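>>> curious how this folds, go ahead:
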Amino acid sequence: MQISFSKIIVLFSLVSFGSFGAEKNIIFFITDDESPTLGCYGDPIAKTPAIDTLAKDGTVFLNAFATTASCSASRSVVMSGLHNHANGQYGHQHSFHKFSSYFNVIGLSLPRNLTKAGYRTGHIGKYHVSPEEVFRFETYLKGNPRNAVQMAEQAREFVTEKSDQPFFLYFATSDPHRGGGRDMNSKSKLKPDLFGNKPNRKSHDGIKEVFYDPKNVPIPAFLPDTPETREELAQYYQSVSRIDQGVARLVEILKEADLYEKTMFVFTSDHGMAFAGGKTTVYEGGLRVPFVVRNPYEKKRGVRSTALISHIDITPTLLDFGGVLDSKSNRPKNWEDPNKSFPLPRTKGPKDNRGTSGKLSAYHGKSWLSVLGTADATHWESIFASHTFHEIQMYYPMRVFRDMEFKLIWNIAHPLPYPFASDLWAASSFQAQYQKSLSAPYGKKTVRQYIHRPEFEFFNIDQDPDESDNLAGNPKFATRLEEYKRKLKEAQKNFQDPWILKWSYE
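Numbering: from 1, shown residues only. The predicted structure is shown next:
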């Protein structure tokens, strides 16, 4: 039998491509201001078929939490495995806000350590952390972060590159963050934000936009059921569905390149939805996030895990997947002390912007890789959250200790009115109630109660998931409250929180 030269070339190409299909690739897909409003979480209207399919073939974490509901601060946690109060990124990185992680966080940095281990590391979309030297990727791809389908196409060449090195792609959308103007077609006096959608029901390139009827959207417990809220939620859901199409395109690219069974796909958000009561708060609406993982090497699929996980776990888990984690020391294998090996030339003067080195030598989080296939496996018994800033003018430190029974919030700056992010203050969903009166209802609270908060908020989170009944002043729970204060303080000590000093003089 004779084989033509052209067929030999094709066969050689297929064999060659297969030989370069490296194992243990990672796509980490992180959205901006998204709650678990997905079909796989039981949302009654969300049209998210691609993410739902990943969930059916992977693990859905039902109790996944950000450590802070602020963009830069949260992303610094995701890429360092350290709480933001410890890595130094207390708030926004961009413009006049100017917050930045410590230089010596580099020893634990996710992209740095995967690069060091032989991964091709690529980034596309929102970055929003600093300094670049610490969170450096090898390749920076350009793409419209409001169009995840276009972003996926821009990442195609990087993902499918013929290489014996595995890849790590950090894929960060700007959807469903607020922005893009207001829907001037609304009949309401206060117009809803577009959440990145095109005005006049137009579509982003390559996107089949999904439009939602405000009458049908479910209202989260922390929001008021008003026309203004419904209109904004309809815009938000449209943005969420656009993200899903980007997930679908990425999966398609992986399958076409025979990489789908060699790539772990992680989907999450930096924190909850951009509504007052969600983003910038430490209530459930701010901290609870979607978290879907498809690990092709895990035999058990379709798992709905009740394990309590935190964003501090992401970096150690991805390093564990890549064989880079030293589980005994809970830091990267071949870890180098950044005070001795920091790559930039340093002067003989003060070591500026460096955290205490002894506190930056191991992760706060731990790998959840081993619990993926077991629905009832445990991970953490409790989680800790620490919010200090969002925008620089928004100083309002809050600390949280939460387990599966109770949740304690310490509003350290409670004598101050609660500060608003500029976009949340302007939101029609909030202004509609604020302009009525301070006594107007806002979710389970009044506007006044939302702005003026007590020092402690204590919820039986198992029985009261909507955080509607503050037990801090209830004599029946006085002993439990003191118990959880002690637990909170101990967590602050364990995670090296400087605000632990506030117990002594405020």
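
>>> phi, psi for the residue nearest to His452 when sequence neighbours are not counted please.
Leaving aside its chain neighbours, His452 sits nearest to Pro417 (6.1 Å; criterion: Cβ to Cβ, 6 or more residues apart in numbering). Backbone N, C-alpha and C define where each C-beta goes, glycine included. Dihedral pair for Pro417: phi -70, psi 150, per degrees, to the nearest 10.

>>> quick check: the gap between Pro417 and Tyr395.
12 Å (Cβ to Cβ, to the nearest Å).

>>> still on that earlier bit, ok, the residue nearest to His452 touching Ile451?
Yes - Pro417 is within contact range of Ile451, at 5.1 Å (criterion: Cβ atoms under 8 Å).

>>> those two: which has the busier surroundings?
For Pro417 versus Ile451, neighbours defined as other Cβ atoms under 10 Å are more numerous around Ile451 (17 against 13).

>>> for the stretch 251-400 of the chain, what spans make up the helices?
Along the stretch 251-400 of the chain, counting by DSSP state H, counting those that start in this stretch, helices occupy 284-287, 314-321, 338-341.

>>> going by mean pLDDT, which of the ones you listed comes out lowest?
Note on those: helix 338-341 shows the lowest mean pLDDT, a mean of 75.

>>> list the buried ones in that one?
Using 16 or more other Cβ atoms under 10 Å as the test for burial, helix 338-341 gives Pro338.

>>> for that helix, name the packing helices and strands.
Helix 338-341 sits against no helix or strand, with contacts defined as 3 or more Cβ pairs under 8 Å, 6 or more residues apart in numbering; DSSP states H and E.

>>> any regions of the protein where pLDDT drops low?
Under the criterion pLDDT under 70, the flagged ranges of the chain are 1-20, 341-351, 357-358.

>>> which of the helices of the stretch 251-400 of the chain sits closest to Tyr119?
helix 314-321 (9.7 Å; Cβ to Cβ).

>>> packing partners of that closest one?
The helices and strands touching helix 314-321, judged by 3+ Cβ pairs under 8 Å, 6+ apart, are strand 25-31, helix 71-78, helix 110-116, strand 263-269.

>>> so which of the ones you listed is the most packed in?
Ranked by mean neighbour count, the helices and strands packed on helix 314-321 are led by helix 71-78 with a mean of 28 (mean count of other Cβ atoms under 10 Å).

>>> just how off-centre is that one within its chain?
Here helix 71-78 shows a centroid-to-chain-centroid distance of 7 Å under the convention Cα atoms, centre = their mean, to the nearest Å.

>>> could you give the angle of that helix to strand 25-31?
Relative orientation of helix 71-78 versus strand 25-31 (axes from the mean of the first three to the mean of the last three Cα atoms, to 10 degrees): 160 degrees.

>>> from the rest of the structure, what touches helix 71-78?
With Cβ atoms under 8 Å, 6 or more residues apart in numbering as the test, helix 71-78 has contacts from 30, 32-33, 66-68, 82-84, 87-94, 97, 99, 101, 105, 110, 126-130, 135, 172, 270-271, 311-312, 314-315, 387-390.

>>> which residues sit in contact with His311?
Counting by Cβ under 8 Å, 6+ apart, His311 touches 65-67, 74, 77-78, 268, 289, 365.

>>> the nearest residue to Pro290 once chain neighbours are set aside and Val303, how far apart?
Of all residues not flanking Pro290 in the chain, Pro36 sits nearest, at 4.3 Å (Cβ to Cβ, 6+ apart). Here the criterion is Cβ to Cβ. By it, Pro36 lies 16 Å from Val303.

>>> equivalent analysis for Trp368, please.
From Trp368 over to Val303 the distance is 12 Å, taken as Cβ to Cβ.

>>> from Ser269, how far off is the nearest residue to Ser310 once chain neighbours are set aside?
Residue nearest to Ser310 in three dimensions, not counting chain neighbours: Ile383, with 4.9 Å by Cβ to Cβ, 6+ apart. Using Cβ to Cβ, we find Ile383 at a distance of 16 Å from Ser269.

>>> so which residues of the stretch 51-200 of the chain form helices?
Along the stretch 51-200 of the chain, counting by DSSP H, counting those that start in this stretch, helices occupy 71-78, 84-87, 110-116, 148-159.

>>> which one of these lies closest to Glu232?
helix 71-78 (18.9 Å).

>>> kindly reformat the helices of the stretch 51-200 of the chain as CSV containing distance to Glu490.
Formatted as CSV, the helices of the stretch 51-200 of the chain follow (distance: least, Cβ to Cβ, whole Å):
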stretch, distance to Glu490
helix 71-78, 20
helix 84-87, 15
helix 110-116, 27
helix 148-159, 41
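
>>> nearest to Ala413, of those helices?
Ala413 lies closest to helix 84-87 among the helices of the stretch 51-200 of the chain, at 14.4 Å (Cβ to Cβ).

>>> list of residues touching the closest one?
67-68, 73-74, 76-77, 80, 90, 101-102, 105, 355, 359-360, 364, 386, 388, 495-499.

>>> of these, buried ones?
Neighbour-count burial (16+ other Cβ under 10 Å) is assigned, among those, to 67-68, 73-74, 76-77, 80, 90, 101-102, 105, 355, 360, 364, 386, 388, 495-497, 499.

>>> and these, which of them are in strands?
Ser386 (DSSP state E).

>>> who touches the closest residue to Lys502 other than its chain neighbours in this structure?
Of all residues not flanking Lys502 in the chain, Ile412 sits nearest, at 5.1 Å (Cβ to Cβ, 6+ apart). Taking Cβ under 8 Å, 6+ apart as the contact definition, Ile412 lies against 397-399, 499, 502, 506.

>>> which one of the helices of the stretch 51-200 of the chain lies nearest to Leu259?
helix 148-159 (6.9 Å).

>>> on contacts alone, who are the packing partners of the closest one?
strand 120-125, strand 139-141, strand 167-172, helix 227-256.

>>> can you list the strands that the third one pairs with?
Translated: strand 167-172. If you go by DSSP bridges, strand 167-172 pairs up with strand 25-31 (parallel), strand 120-125 (parallel).

>>> out of those strands, which is closest to Asn295?
Among the strands paired with strand 167-172, the nearest to Asn295 by Cβ to Cβ is strand 25-31 (10.0 Å).

>>> relative to helix 227-256, how tilted is that closest one?
Orientation note: strand 25-31 sits at an angle of 170 degrees relative to helix 227-256 (the same axes, to 10 degrees).

>>> wait, Lys279 sits on Ser422?
No - with contact defined as Cβ under 8 Å, Lys279 does not count as touching Ser422 (11.9 Å).

>>> what about those two, which has more around it?
Taking neighbours as other Cβ under 10 Å, Lys279 and Ser422 compare with Lys279 leading, 25 against 12.

>>> please name the residues that touch the more buried one.
Lys279 neighbours (Cβ under 8 Å, 6+ apart): 33, 69-70, 271-273, 286, 421, 424.

>>> again with Trp503
Residues in contact with Trp503 (Cβ under 8 Å, 6+ apart) are Lys489.

>>> Leu254 now?
The contact partners of Leu254, by Cβ under 8 Å, 6+ apart, come to 27, 159, 260, 263, 265.

>>> re the thing from before, closest to Arg480 out of the helices of the stretch 51-200 of the chain?
helix 84-87 (25.6 Å).

>>> chain center to the closest one: distance?
Using Cα atoms, centre = their mean, the offset of helix 84-87 from its chain centre is 16 Å.

>>> mind checking what secondary structure Glu482 has?
Following DSSP: H, G, I helix; E, B strand; the rest coil, the label given to Glu482 is helix.

>>> quick one: it from Phe195, how far?
As judged by Cβ to Cβ, Glu482 and Phe195 stand 43 Å apart.

>>> same deal with Phe265?
24 Å.

>>> can you give me the neighbour number for Lys333?
14.
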